[in-house]
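*Asks:* only geometry, no sequence info:
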Ligand code: ADP
Ligand code: MG
């Protein structure tokens, strides 16, 4: 599982700054070289977009990552393509449908507010849950469900 791969000292999955969250995401994605959907859960300000910025860094993407809150999807090219989706503004899950084919893309698709279109998302994915513990600390739990169908 990814958390074990990530933490050298098997510590609690807590970051104490945005940089630490970015580094965690960067470390995660540097170990991945095939397309996957990464679902991001957590309240507003939990650090989902910060996490995606770390993914972009780990994919050698130099562009500035801007939250796709209004456009819903932004794509970037790097070591692998990064599709960054933010479902915060969708009113019903049907609004996700135009983006469904993005999931078939040869790339990494990171989805903020993934719970808003849960039924359209693949079971085989990496789930990231961010929880605000205090102003600068976040609990980040990562579950790798890429082999879920076989289990
Ligand atoms: P979300 O996309 O989940 O709404 P953002 O990533 O846009 O949240 O914002 C997270 C905010 O929390 C940023 O202002 C960031 O600087 C701040 N922050 C403070 N500590 C952390 C941390 N440990 N990890 C991530 N972000 C943090
Ligand atoms: Mg965000």
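*Replies:* Sure thing, it's come through. A quick note: this is a predicted structure, and the numbers were derived from the prediction, not measured. Ligands and ions are numbered 1, 2, ... in the order given.

*Asks:* and this protein, which residues reach ligand 1?
*Replies:* 15-18, 20-21, 42, 44-50, 112, 136-138 (C-beta under 6 Å from any ligand atom). Every C-beta, even on glycine, is put in place using the N, C-alpha and C of the backbone.

*Asks:* Which of those fall in strands?
*Replies:* Mapping these onto strands (DSSP state E) picks out 15, 112, 137-138.

*Asks:* Need the max-distance pair from the residues you listed.
*Replies:* Farthest apart among these by C-beta to C-beta are 112 and 137. That separation is 19.9 Å.

*Asks:* Provide a list of residues in contact with the residue of the chain found nearest ligand 2.
*Replies:* Here the chain gets closest to ligand 2 at one residue, residue 49, 3.5 Å apart by C-beta to the ion. Residue 49 makes contact with 65, 67, 86, 112, according to C-beta atoms under 8 Å, 6 or more residues apart in numbering.

*Asks:* and if we set it to 10 Å?
*Replies:* Taking C-beta atoms under 10 Å, 6 or more residues apart in numbering as the contact definition, residue 49 lies against 18, 40, 65-69, 84, 86, 110, 112.

*Asks:* How about residue 46?
*Replies:* With contact taken as C-beta under 10 Å, 6+ apart, residue 46 is in contact with 21, 40, 112, 128-132, 138-140.

*Asks:* Mind doing that once more with 7 Å?
*Replies:* Neighbouring residues of residue 46 by C-beta atoms under 7 Å, 6 or more residues apart in numbering: 130-132, 138.

*Asks:* Would you mind giving me the PyMOL syntax to select the buried ones in the ones in strands among the residues of the chain next to ligand 1?
*Replies:* Entered in PyMOL, the line below selects the buried ones among these, by 16 or more other C-beta atoms under 10 Å:
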select buried, resi 15+112+138
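
*Asks:* Give the burial count for the one residue in the chain that gets nearest to ligand 1, as a bare number.
*Replies:* Nearest to ligand 1 in the chain, going by C-beta to the nearest ligand atom, is residue 47, at a distance of 2.9 Å. For residue 47, the count of nearby residues is 25 (other C-beta atoms under 10 Å).

*Asks:* pLDDT wise, what is it at?
*Replies:* Listed pLDDT for residue 47 reads 98.
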